[in-house]
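In: I'd like to go over a predicted model; first the sequence, then the structure.
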Amino acid sequence: MLENLFAKRINKNIPSRLQGLFPETNFPDNISFGGGCPDEKSFPARELVNAYQEAIINEKEHSFQYHDVKGPERLREFLADRAQKKMGIANVTSEDVMLTAGGQQGIELVAKLFLEAGDKMAVEVPCYVGALAAFDVYEPDYYEIPMEDDGVNLDCLEATLKAHPDIKLFYTVPDFHNPTGITMSLEKRQRLVELANKYNFVILEDTPYRDLRYHGESLPSIKSFDTEGRVIFLSSFSKILSPAYRLGWLVASPEIKAELTKLKLAEDLEVPYIPSATVDNYIAHHDLDAHIEGLKKIYRQKLDKMDQALHAYLPADAKISHPEGGFFFWIELGDDANTSQLLLEEAIPNEHLIYVPSASFYPDRDHVNGLRVNFTGSSLAEIDEGCRRLGRLLNVDSLMQVAI
Ligand SMILES: Cc1ncc(COP(=O)(O)O)c(C=O)c1O
C-alpha cells in the first residue's frame, strides 16, 4: 500500500544487482570464484590491531565523538603524494583528496552529482556490477561501449558521442578491469581525455586494482592527462589492505570536490574516525608498498595457477582473458550458453561451484554467455579444483542439458 508513496525512481519489481549476487550454499566442499575478495590470510591483522589501539589511545574519549568530513590530514597528505608519484597526477595536495566510504560511495556520489533521470552516460560493457547498481538509482540512459583487448573501443565511443553529444559521464575501470581483467593502453588513455575535452563530458576513472600488477609495466593514470579538471580519479584500500574499513579516496578538481563534499555531508556527515585513524596509523608505522609487494607475490602465483588451470580444463573454444593483474578472469562461451541458468541448475547444486554470470555486468542483463571468476580469494588447490569443476560443467553435455 505504501508503495504509492515511494519515489518514482524506486521500482519494487527490479531486484538489486548486488543482492543475491552470491547465492548461499552450505556444501562443505564449496568453492567460490564469485566475490572480489582478497586473500584473508594476507590481512596484516596484528599490525592493524595495534594501529586501532593507537587510534583510541591518542584521542582517548574523544575517539568516540563525532569528527569531521575530511578525515585525517596525514592520511590525505600520504594519498596526495601517492597520486603524484604512482599515478603521475601533477600538483595534488591533501586538499584535493577526498576520503569516501569505500570506492563504492565515490561512485554513488559521482552518480548523484551528475545524473538525473534520462541523462545520458556511457559505460564499458561488460561493466562493474556495483557501479551499475549505483548508477541505476539515478535512472540514466546507458550507452554501452564494448571492450577490446587494449581497453574500451574508442572509435565506438566517439561514434556514440557524435550521435549523442549530450552524454555527460563516462565510467571506466582502466586497470585490470572488473570483470574482464583488461588494461587500457597508454594511447587510449590519452585519446579518451581528448574526447572528453572535445565532447564535453566527465570521466570517472575507478582504479581499486591499480597497485596489483603481477606482470608487465605500470601505466600513468587517465587523470594524469587531464587538462580541464574533467577526470575524477577514484581508488580504495579494500583490495590492498582490507575492505572492512570501508575506506576509499578520490582526487577531483576543487569545483567537483566541493560539490561531492556537500553530498557526502548530507549522506553520512563525516569520514568515521576509528577506521580512518586506524589506516592512518598503520600507514604511518608500516611500509604499505612492502605489504603490496607481498600481496603481489601471493596473487601472481594464483593468477598463473588459474591461467594454467583454465587452459587445461576448459573447452578449447572458451575465450579466456589474459589479465596482468587485479582479481579476475573473464570467460566467453558460445552464443547458446546461458551461464545464469548453468549456475543455478548445475554449478551450485552439482559442482558446488560459484562464479558470477555475465548478465550481472550489462545494463539490460541481456548477455548470458560469459562469466567472471575470481582467483585471489581461493587457495592454489581450490583454484585447481574449481577450474576442474568448471571444465566439467562447460563440456558440451552440461551445456546441452541446460539448453534443453
Ligand atoms: C571496479 C570496482 N570499483 C569499486 C569497488 C568497490 O570497492 P570498495 O570496497 O572500495 O567500496 C569494487 C569492488 O569490488 C570494484 O571492483
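Out: Happy to help now that I have it.

In: Could you pull out the buried residues of stretch 211-225?
Out: 211-214, 219, 221-225 (16 or more other C-beta atoms under 10 Å). (Each C-beta comes from the backbone N, C-alpha and C, glycine too.)

In: near the ligand too, which of the residues you listed?
Out: By C-beta under 6 Å from any ligand atom, no member of these lies near the ligand.

In: Secondary structure, distance to Ile232 and pLDDT for these - can I get that in a markdown table?
Out: Output for the buried residues of stretch 211-225, formatted as a markdown table (DSSP: H, G, I helix; E, B strand; the rest coil; distance: C-beta to C-beta, whole Å; pLDDT from 0 to 100):
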| residue | secondary structure | distance to Ile232 | pLDDT |
| --- | --- | --- | --- |
| Asp211 | coil | 19 | 98 |
| Leu212 | coil | 21 | 98 |
| Arg213 | strand | 22 | 98 |
| Tyr214 | coil | 27 | 98 |
| Leu219 | coil | 18 | 97 |
| Ser221 | coil | 11 | 98 |
| Ile222 | helix | 10 | 98 |
| Lys223 | helix | 8 | 98 |
| Ser224 | helix | 13 | 98 |
| Phe225 | helix | 14 | 98 |
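
In: Just flag the most distant two among those residues.
Out: The widest separation within the buried residues of stretch 211-225, taken as C-beta to C-beta, falls between Tyr214 and Phe225 and amounts to 25.0 Å.

In: How about the residues of the stretch 201-350 of the chain by the ligand?
Out: 206, 208, 236, 238, 243, 248.

In: Compile those residues into TSV and extend it with columns for pLDDT and secondary structure.
Out: Converted to TSV, these look like this (pLDDT from 0 to 100; DSSP: H, G, I helix; E, B strand; the rest coil):
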residue	pLDDT	secondary structure
Asp206	98	strand
Pro208	98	coil
Ser236	98	strand
Ser238	98	coil
Pro243	97	helix
Gly248	98	strand
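
In: Which of these are buried, as a ChimeraX select command?
Out: Buried residues among those (16+ other C-beta under 10 Å), as a ChimeraX selection:
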select :206,208,236,238,243,248
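
In: Tabulate the residues of the stretch 201-350 of the chain next to the ligand in a markdown table, adding columns for distance to Leu99.
Out: Shown next, in a markdown table, are those (distance: C-beta to C-beta, whole Å):
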| residue | distance to Leu99 |
| --- | --- |
| Asp206 | 16 |
| Pro208 | 15 |
| Ser236 | 10 |
| Ser238 | 13 |
| Pro243 | 15 |
| Gly248 | 7 |
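
In: Any idea how far apart the tips of stretch 67-76 sit?
Out: One end of stretch 67-76 sits 15 Å from the other (C-alpha to C-alpha, to the nearest Å).

In: Which residues in that stretch does the neighbour count mark as buried?
Out: Applying 16+ other C-beta under 10 Å to stretch 67-76 flags 67, 70-72, 75-76 as buried.

In: Adding secondary structure, write the residues you listed out as a markdown table.
Out: Shown next, in a markdown table, are the buried residues of stretch 67-76 (DSSP: H, G, I helix; E, B strand; the rest coil):
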| residue | secondary structure |
| --- | --- |
| His67 | coil |
| Lys70 | coil |
| Gly71 | coil |
| Pro72 | coil |
| Leu75 | helix |
| Arg76 | helix |
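
In: Nearest to Glu24, out of the residues you listed: which one, please.
Out: Gly71 (34.7 Å).

In: Look up the closest residue to the closest one, ignoring the ones flanking it.
Out: In this structure, Gly71 finds its nearest non-sequential neighbour in Val271, 3.4 Å apart by C-beta to C-beta, 6 or more residues apart in numbering.

In: list the contacts for the closest residue to the ligand within the stretch 1-150 of the chain?
Out: Scanning the stretch 1-150 of the chain for the residue nearest the ligand gives Gly102, at 2.6 Å (criterion: C-beta to the nearest ligand atom). Shown in contact with Gly102 (C-beta atoms under 8 Å, 6 or more residues apart in numbering): 236, 238, 243, 246-248.

In: Export those as JSON lines, with columns for distance to Met1.
Out: Output for these, formatted as JSON lines (distance: C-beta to C-beta, whole Å):
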{"residue": "Ser236", "distance to Met1": "40"}
{"residue": "Ser238", "distance to Met1": "39"}
{"residue": "Pro243", "distance to Met1": "38"}
{"residue": "Arg246", "distance to Met1": "35"}
{"residue": "Leu247", "distance to Met1": "40"}
{"residue": "Gly248", "distance to Met1": "38"}
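
In: Tell me what Ile31 is bridged to.
Out: Counting by DSSP bridges, Ile31 forms beta bridges with Leu353.

In: Report how many residues lie close to Ala347.
Out: 27 (other C-beta atoms under 10 Å).

In: Oops, could you answer that again for Leu241 instead?
Out: By other C-beta under 10 Å, the residues close to Leu241 number 24.
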